[in-house]
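# fold the following, please.
(2 chains)
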2 protein chains.
Amino acid sequence: MSKNITIAGAGLVGSLWAVYLAQKNHNVTVYERRDDMRKNFKEGGRSINLALSDRGWKAIEKVGLADAIRKVAIPMYRRVMHDAAGNLSYQSYGKENQAIYSVSRGGLNVELMNLAEKYSNVNFQFNHKCLGVDLKNGAATFGAPDGVEKVVESDLLFGADGAFSAIRGTMMKTDRFNYSQEYIAHGYKELTIPAGPNGTHQLEKNALHIWPRGGYMLIALPNVDGSFTLTLFFPYEGEDSFATLDSDEKVVAFFERVFPDALALMPNFLEDWHNNPTSSLLIVRCYPWTANGKVALMGDASHAIVPFYGQGMNSGFEDCTVLNQLWEQYGDEQWPHIFHEFEKQRKPDADAIADLAMRNFVEMRDLTADPQFLLRKKIENRFADKYPELWLPLYSMVTFSHIRYSDAWNKGLLHDRIMQKVMDRPDIAEVWDSEEVEQAILEELKNYPELTQNV
Amino acid sequence: MSKNITIAGAGLVGSLWAVYLAQKNHNVTVYERRDDMRKNFKEGGRSINLALSDRGWKAIEKVGLADAIRKVAIPMYRRVMHDAAGNLSYQSYGKENQAIYSVSRGGLNVELMNLAEKYSNVNFQFNHKCLGVDLKNGAATFGAPDGVEKVVESDLLFGADGAFSAIRGTMMKTDRFNYSQEYIAHGYKELTIPAGPNGTHQLEKNALHIWPRGGYMLIALPNVDGSFTLTLFFPYEGEDSFATLDSDEKVVAFFERVFPDALALMPNFLEDWHNNPTSSLLIVRCYPWTANGKVALMGDASHAIVPFYGQGMNSGFEDCTVLNQLWEQYGDEQWPHIFHEFEKQRKPDADAIADLAMRNFVEMRDLTADPQFLLRKKIENRFADKYPELWLPLYSMVTFSHIRYSDAWNKGLLHDRIMQKVMDRPDIAEVWDSEEVEQAILEELKNYPELTQNV
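Numbering: from 1, shown residues only, chains lettered A, B, ... in the order given. Take a look at the predicted model:
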């Protein structure tokens, strides 16, 4: 029997989940606080480019959207690191042909909404702000654009309303609801390298560019129009920080010293610097994720993370995959049970990717400039190529597999232990690609049988 | 020049702080959500008895209230542990004559309100719920009992409105405000041992009684009327838990098996069990604690902790001490600076006591039943008595000193390290009070000069 289902939030996760529900013949209404982004659509200045990877692809493939998105996504096969002298170094993300894909957040959101609206049983209501929820009955109150408050009762209510979720705001006031919001010490600002002549890309197109500088970094992702979106991740306070770069002269002098090759490609640098806001970076954790078998949080509403592993959207989309699997397993009349299984199963994975994303920030901004780290990655990749059944690098587990994030994290910590021993050899730089090192890793692996089962 | 100051919350901290402000000739209005507790005052069923210790005494001494409270406070000189067979063991809290004091939360609150109201420049407004705050101007909106919303502008606004602070609720929505609320796995329920004939105490009066049972515990604090207030700290879920004690038979059988000596003294046991709610235990952390040099959080509003170190009220009262010291240091026109110093200085101490309180839960419910632990404490106390300039036990630093909580915590961890070595001696049970052990501790202390400076 078809249910009446409400989704709060027409963002990436809410729009995708509407399609999943529609395909199972439920009646879905999506309430969105903002106006329809498809009116006068243009890319905003605040959105970090998204890197779509295997978990995200799987979720959109299931609803038949993968082919359309593939046409506008740019594969990035490797990291290109830029040092202060403009020298480049390289690090592959995975095996040949494995890539993460640069997509426009807005563009993808528009595609998802268009797809959802093709279903006659899906309805979008824009400019409706969620004002509160009756968690017991799953009834949400929305403020309509005409000032009227509508109480919307439904069989199920999904809160896909983002890191500042109003649905979660109501759950937060219930007894024994655990919650944390943690802002990191860094903020970010977007900049642009425009397209070159005839829409050409002015840096290597199929790569994610990093200017690693220890405590901070600049990154660049390619866009289809030939431009790159750059993001500076930079401390709010301290010696080199947004606080100390308090004049045009200082900003320009800083970029000339630290990012000269990037600055040379940004004719509108100061304009971007002033027009684009400095935005904060937030980690949200909470538990439980569901209430009374009626209400469930998804995506950023229950687990907002920092963007450094490119897994924010991917993990939100994987929520749809997991919820859908449980649904198919338990059937349409078992929602209270499905909700409880969902939160129980998914919470450790959300915590793991939150930690992994912070760890990857250190890797990107600092370690990618470290020859020892790059050597370690070369040894790991060489071994993984030769013994794919024994070793899947952590980055690949997160990005190119569907292994649970929590399993990936645990295995990655064991990899660290093994590789630490390997890197401790004083002659490692000379013998890194030797039979001897390979044998040493094989020997170490015997101590960790959990690593070589079901890689 | 006298300022107009608003305090949200007429609880322990808000009422005490009103007195501090009044004594400096400021105009103070205290808004309280609930009705005046002095009308029809009786002890509620939900309030954990409070243990007033040195930090709390110092703060109330400063406003001249210590003598009055001392008359109704019951000193507790030691812990008395009850095993399942009714055997007792003992552990002193400190030196002879050092005690923590059992006081009634409600009674103390009433005294503080009465004292504050003696000042003509203090005004209480009850039944006023805080509906929101304009953080920039320090203006708070209160819903009055007649339904009218009052916007109250003032020079300074203090949020002493508890663990569910409305002032903090507004601050939480500002950018880069870190916040967490964490409920522990245990809840609590109050029970009562009534007075014996002629108002006598049926257990040793001047002691805090503990029934330590590993994963949970029962405690009892004496009241002036001869009764004891008992609190069961017990898991919500699991084998022995509130969830599994789901019938009168099971509850009584459980108490007969686990707390027989206590049960024998509770004629109204089942009545208490049903009438008193099962309540949750919450840890709140946040930062910053102040906004725009106008608004500051105090007490549970910024740092709610679990009750196991008896430091919830004491740390809230110490907020008054610290804020007052900074005020006297910087003067009346430096509030923005005072606020910033306050939060910067006090935050690590609040975090430390939050951690210490959870650690003390393990100590109380589990370690106090462990002969090795009790032996360790005996060795420590013996050494501390002999070398007071070299060793102040952690419990004493927290309870009987004004050492910053964060310093106490760091020193306590070093004490753990030293005592671990001492306890590792296979013959320690025989030689614990020997010259040799004493020398071993003295030797170890040389590795930690920070322990022997400014004890």
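# domains of chain A?
Following automatic domain parsing, one finds the domains of chain A at A:4-71+A:104-180+A:281-360, A:370-452.
# you'd agree residue A:314 is in a helix?
Yes. Judged by DSSP: H, G, I helix; E, B strand; the rest coil, residue A:314 forms part of a helix.
# check contacts around residue A:380.
Residues near residue A:380 by CB atoms under 8 Å, 6 or more residues apart in numbering or on different chains: A:391, A:393, A:415, A:419. C-beta coordinates here come from the backbone N, C-alpha and C atoms, glycine included.
# could you redo the last one with a cut-off of 10 Å?
With contacts defined as CB atoms under 10 Å, 6 or more residues apart in numbering or on different chains, the neighbours of residue A:380 are A:391, A:392, A:393, A:394, A:395, A:396, A:415, A:418, A:419, A:422, A:441.
# where does the prediction get shaky in chain A?
Within chain A, the stretches with pLDDT under 70 are A:42-48, A:454-455.
# which strand in it runs the most residues?
Assignment by DSSP state E gives strand A:178-193 as the longest strand of chain A.
# so how far is that one from its chain's centroid?
13 Å (CA atoms, centre = their mean, to the nearest Å).
# what distance do you get for the residue lying closest to residue A:452 once chain neighbours are set aside to residue B:110?
Of all residues not flanking residue A:452 in the chain, residue A:390 sits nearest, at 5.1 Å (CB to CB, 6 or more residues apart in numbering or on different chains). Separation of residue A:390 from residue B:110 (CB to CB, to the nearest Å) stands at 71 Å.
# ok, now residue A:207?
Distance from residue A:207 to residue B:110, by CB to CB: 70 Å.
# please apply the same query to residue A:348.
Here the criterion is CB to CB. By it, residue A:348 lies 47 Å from residue B:110.
# just the element for the closest residue to residue A:100 other than its chain neighbours, please.
What sits nearest to residue A:100 in space, not counting adjacent residues and going by CB to CB, 6+ apart, is residue A:51, at 4.3 Å. Per DSSP states H and E: residue A:51 is located in strand A:50-52.
# could I have the helix or strand that that strand is followed by exported to PDB, CA atoms only?
Counting by DSSP H and E, the next helix or strand C-terminal to strand A:50-52 is helix A:54-62. In PDB, the C-alpha atoms belonging to helix A:54-62 read as follows (Å, rounded to 0.1, in the frame of the first residue of the first chain):
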ATOM      1  CA  ASP A  54      32.000   4.900  -6.100                       C
ATOM      2  CA  ARG A  55      29.500   5.100  -3.200                       C
ATOM      3  CA  GLY A  56      27.800   8.000  -4.900                       C
ATOM      4  CA  TRP A  57      27.800   6.400  -8.300                       C
ATOM      5  CA  LYS A  58      26.200   3.300  -6.900                       C
ATOM      6  CA  ALA A  59      23.300   5.300  -5.400                       C
ATOM      7  CA  ILE A  60      22.500   7.300  -8.500                       C
ATOM      8  CA  GLU A  61      23.000   4.200 -10.800                       C
ATOM      9  CA  LYS A  62      20.200   2.500  -8.900                       C
END
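# list the buried ones in helix A:54-62?
Along helix A:54-62, these residues count as buried under the neighbour rule (16 or more other CB atoms under 10 Å in any protein chain shown): A:54, A:55, A:56, A:57, A:58, A:59, A:60, A:62.
# would TSV of those with distance to residue B:123 be doable?
Shown next, in TSV, are the buried residues of helix A:54-62 (distance: CB to CB, whole Å):
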residue	distance to residue B:123
A:54	64
A:55	59
A:56	59
A:57	64
A:58	63
A:59	59
A:60	62
A:62	64
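# separation between the residue of the stretch 51-200 of chain A found nearest chain B and residue B:98?
Nearest to chain B in the stretch 51-200 of chain A, going by CB to the nearest CB, is residue A:180, at a distance of 3.6 Å. Distance, residue A:180 to residue B:98, by CB to CB: 38 Å.
# residue A:303 reaches residue A:353, doesn't it?
Yes. Residue A:303 is within contact range of residue A:353, at 7.5 Å (criterion: CB atoms under 10 Å).
# hey, what's in contact with both of these two?
By CB under 10 Å, 6+ apart, the residues touching both residue A:303 and residue A:353 are A:312, A:315.
# near chain B, which residues of the stretch 51-200 of chain A?
A:164, A:169, A:172-173, A:175-185, A:187 (CB under 10 Å from any CB of the partner chain).
# do the stretch 251-400 of chain A as well
So the stretch 251-400 of chain A meets chain B at A:278, A:279, A:280, A:281, A:282, A:283, A:285, A:286, A:287 (CB under 10 Å from any CB).
# same thing but at 6 Å, please
Proximity of the stretch 251-400 of chain A to chain B is confined to residue A:280 under the rule CB under 6 Å from any CB of the partner chain.
# show me where the stretch 251-400 of chain A has helices.
Assigned helices in the stretch 251-400 of chain A, in chain order: A:260-263, A:269-275, A:300-303, A:312-330, A:335-365, A:371-386, A:394-399 (criterion: DSSP state H, counting those that start in this stretch).
# could I get those as TSV with distance to residue B:196?
Formatted as TSV, those follow (distance: least, CB to CB, whole Å):
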stretch	distance to residue B:196
helix A:260-263	81
helix A:269-275	77
helix A:300-303	53
helix A:312-330	58
helix A:335-365	49
helix A:371-386	72
helix A:394-399	65
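# thanks again, I'm all set now.
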